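# here you go, sequence then predicted model.
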Amino acid sequence: MARKIKNTDVETADAESARYILAPGKSMLTKRGIIADGCEITAKDLPGGAESLNAFVESGVIVAG
């Protein structure tokens, strides 16, 4: 069973990388578990890495935060 991540569990992004969050009303299953809207997400959280992150940003599921 996946573990639900709270905002307080989210690691901060590397200083050199942009900050991305899950769009309002969205949730996603990641390598860290289920994350909810407003939680920070990085390419490391997604199985497809940066390619998946870019696709989700283009589709509006993930937004710059």
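Great, that's in hand.
# going by C-alpha atoms from here, please, whenever you check contacts or count neighbours.
Fine.
# report the buried residues of the helix or strand encompassing Ala55.
Per DSSP states H and E: Ala55 is located in helix 49-59. By 16 or more other C-alpha atoms under 10 Å, the buried positions in helix 49-59 come out as 53, 57.
# and the closest residue to Gly65 other than its chain neighbours, what does it touch?
Nearest residue to Gly65 in three dimensions, chain neighbours excluded: Tyr20, at 5.0 Å (C-alpha to C-alpha, 6 or more residues apart in numbering). Tyr20 makes contact with 40-42, 62-65 under the criterion C-alpha atoms under 8 Å, 6 or more residues apart in numbering.
# go on, Gly25?
Per C-alpha under 8 Å, 6+ apart, neighbours of Gly25: 36-37.
# change it to 10 Å
36-38, 61 (C-alpha atoms under 10 Å, 6 or more residues apart in numbering).
# list the neighbouring strands of the next helix or strand after the helix holding Ala55 plus their orientation.
Where DSSP H and E defines the elements, the next helix or strand beyond helix 49-59 is strand 62-64. Next to strand 62-64 in the sheet, as set by DSSP bridges, lie strand 20-22 (antiparallel).
# quick one on the thing from earlier: so among the contacts of Tyr20, where is pLDDT lowest?
Among these, Gly65 carries the weakest pLDDT, at 83.
# show me what the residue nearest to the spatial centre of the chain is bridged to.
In the chain, the centroid-proximal residue (C-alpha atoms, centre = their mean) is Ile41; its distance is 2.3 Å. In this structure, Ile41 bridges to Tyr20 when assessed by DSSP bridges.
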